[in-house]
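Asks: Give me a 3D structure for the following:
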Amino acid sequence: MDPRVFLLFSLCFFFLFPNLSNAAVQIPGGKESVLKLTTATSSVPLDPTRVTQISWRPRAFIYRGFLTDNECDHLITLAKDKLEKSMVADNDSGKSIESEVRTSSGMFLKKAQDDVVESIEARIAAWTFLPPENGESIQILHYEHGQKYEPHFDYFHDKANQELGGHRVATVLMYLSNIEKGGETVFPNSESTKTQPKGSDWSDCAKDGYAVKPRKGDALLFFSLHPDATTDPSSLHGSCPVIEGEKWSATKWIHVRSFDTPMNSANGDCVDSNPNCPAWALQGECKKNPLYMVGSEDAVGNCRKSCKVCSS
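Replies: Numbers count the residues shown, from 1 in each chain. Model (predicted):
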């Protein structure tokens, strides 16, 4: 492959993603060489030869072996004793509520919680070309027998959540375990559905759209918005019920603008960034979801006033 192509790619990379300007580019020296990018905080290089585009509507890509086995096991260990029932965002109010639509359990890690998490976050930013500050904290999810997540959109229908970093433009779904049967990620509205052959090893749920089988270490990247920033209905997706085994996954949602610093909390003012904060505080979310509600050393909380961790 012409080295000039790789040089052009690397220049575009640095101009479009200056916060990773310490990345090292290995120019190929022979036929079998590939472009590999190593960020300043990620010890695992990116390998574009492992990436396959699986769909254009929605825009979706699979990266085989994005995580190592050790990284997968490490993320599961961090989450195992901290899981709570997964919630969904109400379409009208934006409030987090329990629903039979989503029956898994999960928890959020802290950003850059340790070296492993920080390395994975840097790798995601380098792969997607989206700034790290636009991403939410990684969410670890666990699905046992029969548990699922009905088809849904990752972009928002309520204005309250859109104020927090805007729509989710992209999702990176990382599979942390293998599964005997079921648990596929399915896109019911994908235009690629009819071109995907499926045998008896696929669940009935997976046959209702283009589907991806969970495989430990693989990562699925898909976009919820079109390139012109309008919402993409073909990004409807769900997690099929687990039939045999158990499923572990890690999700990284990425917004169109910074999620770390809400617009009205940029100066550390004692404010709430979401009108639902008082109600969430009364429901105990300040303790259940402290990273989002209160914040951390690295991120400003969205409900600091209602959680009474500051004074106005």
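
Asks: For the rest of this, base every contact and every neighbour count on C-alpha atoms.
Replies: Will do.

Asks: where in the stretch 51-200 of the chain is pLDDT low?
Replies: Within the stretch 51-200 of the chain, the ranges that satisfy pLDDT under 70 run 86-102.

Asks: Helices of that one, residue ranges please.
Replies: 69-79, 115-128, 159-162 (DSSP state H, counting those that start in this stretch).

Asks: residue ranges with poor pLDDT in the stretch 201-312 of the chain?
Replies: Those would be 261-268, 297-299, 312, if you go by pLDDT under 70 across the stretch 201-312 of the chain.

Asks: all helices of it, in order?
Replies: 277-282, 285-288, 290-293.

Asks: Can you give the contact residues for the last one?
Replies: Contact partners of helix 290-293, identified using CA atoms under 8 Å, 6 or more residues apart in numbering, comprise 110, 277, 285, 286, 301, 302, 303, 304, 307.

Asks: make it 6 Å
Replies: Here helix 290-293 makes contact (CA atoms under 6 Å, 6 or more residues apart in numbering) with 286, 301, 302, 303.

Asks: Those residues into TSV, with extra columns for neighbour count?
Replies: Converted to TSV, those look like this (neighbours: other CA atoms under 10 Å):
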residue	neighbour count
286	23
301	27
302	27
303	28
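
Asks: Distance to residue 62 added to those, as JSON lines?
Replies: Below are those laid out as JSON lines (distance: CA to CA, whole Å):
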{"residue": "286", "distance to residue 62": "36"}
{"residue": "301", "distance to residue 62": "33"}
{"residue": "302", "distance to residue 62": "33"}
{"residue": "303", "distance to residue 62": "36"}
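
Asks: Can you tell me which of those is closest to residue 197?
Replies: residue 302 (45.1 Å; CA to CA).

Asks: Now do the contacts for the closest one.
Replies: Here residue 302 is in contact with 272, 273, 293 (CA under 6 Å, 6+ apart).

Asks: circling back: could the helices of the stretch 201-312 of the chain go into JSON lines alongside distance to residue 184?
Replies: Putting the helices of the stretch 201-312 of the chain into JSON lines (distance: least, CA to CA, whole Å) gives the following:
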{"stretch": "helix 277-282", "distance to residue 184": "32"}
{"stretch": "helix 285-288", "distance to residue 184": "29"}
{"stretch": "helix 290-293", "distance to residue 184": "29"}
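
Asks: Highest mean neighbour count out of those?
Replies: Greatest average neighbour count among those goes to helix 290-293 (a mean of 21), per mean count of other CA atoms under 10 Å.

Asks: just how off-centre is it within its chain?
Replies: 17 Å (CA atoms, centre = their mean, to the nearest Å).

Asks: TSV for the contacts of residue 302, including distance to residue 194?
Replies: Shown next, in TSV, are the contacts of residue 302 (distance: CA to CA, whole Å):
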residue	distance to residue 194
272	47
273	43
293	43
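
Asks: Name the nearest residue to residue 83, ignoring sequence neighbours.
Replies: Using CA to CA, 6 or more residues apart in numbering and skipping residues adjacent in sequence, the residue nearest residue 83 is residue 106, 4.8 Å away.

Asks: you'd agree that neighbour is up against residue 81?
Replies: No: the pair residue 106 / residue 81 is not scored as a contact, 10.1 Å apart, by CA atoms under 6 Å.

Asks: follow-up on the earlier one: can you tell me which of the contacts of residue 302 is nearest residue 65?
Replies: residue 293 (33.6 Å).

Asks: re earlier: so between residue 106 and residue 81, which is more surrounded?
Replies: The neighbour comparison of residue 106 against residue 81 (other CA atoms under 10 Å) goes to residue 106, with 22 against 9.
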